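**Q** Fold the stuff below for me.
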Amino acid sequence: MAPKTEVLTSLRALRQLRRTRGFYLAGVLLWTAAAVWTGWAHPGSRQMWVSLLLAAVFAGLLGTASVWLHRLRAARPHRPVHHAATRGTTAAA
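**A** Model (predicted):
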């Protein structure tokens, strides 16, 4: 059985990866929109290429975070079943 600290660490990592994945998705959308806008106004400009480069960087980060999230979910053991006593079996005072 894994120590509690490992379970808590993996739960924190899952939560953090979900947050960062949303941030990276927003970055991809923002920089893609900026690249399209700049490409429309000034095709082939340096600003367009920088926007495309940043969109590619955020897409790579998004892909990496998604792969890590998938691996952490697959490696995480199933939650233990909680076997609680039924209400009828509790000791009456």
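
**Q** Would you mark the buried spots in the host helix or strand of R73?
**A** Per DSSP states H and E: R73 is located in helix 46-75. By neighbour count with 16 or more other C-beta atoms under 10 Å, helix 46-75 contains the buried residues 48, 51-52, 54-55, 58-59, 61-62, 65, 69. All C-beta spots, glycine's among them, are computed from the backbone N, C-alpha and C.

**Q** which residues touch the residue nearest to the spatial centre of the chain?
**A** For the chain, the residue nearest the mean C-alpha position is R18 (2.8 Å; C-alpha atoms, centre = their mean). For R18, the contact set (C-beta atoms under 8 Å, 6 or more residues apart in numbering) comprises L69.

**Q** Any stretches of the chain with poor pLDDT?
**A** The chain contains residues with pLDDT under 70 at 1-9, 76-93.

**Q** How about W68, nearest residue that isn't a chain neighbour?
**A** Nearest residue to W68, sequence neighbours excluded (C-beta to C-beta, 6 or more residues apart in numbering): L17, at 5.9 Å.

**Q** And the contacts of stretch 52-70?
**A** Applying C-beta under 8 Å, 6+ apart, the external contacts of stretch 52-70 come out as 14, 17-18, 20-21, 24-25, 27-28, 31-32, 34-35.

**Q** want to throw those residues into CSV with distance to G44 and secondary structure?
**A** Putting the contacts of stretch 52-70 into CSV (distance: C-beta to C-beta, whole Å; DSSP: H, G, I helix; E, B strand; the rest coil) gives the following:
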residue, distance to G44, secondary structure
L14, 42, helix
L17, 37, helix
R18, 38, helix
T20, 33, helix
R21, 32, helix
Y24, 27, helix
L25, 27, helix
G27, 23, helix
V28, 22, helix
W31, 17, helix
T32, 17, helix
A34, 15, helix
A35, 12, helix
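
**Q** which of those count as buried?
**A** The buried subset of these (16+ other C-beta under 10 Å) comprises 17, 20-21, 24-25, 27-28, 31-32, 34-35.
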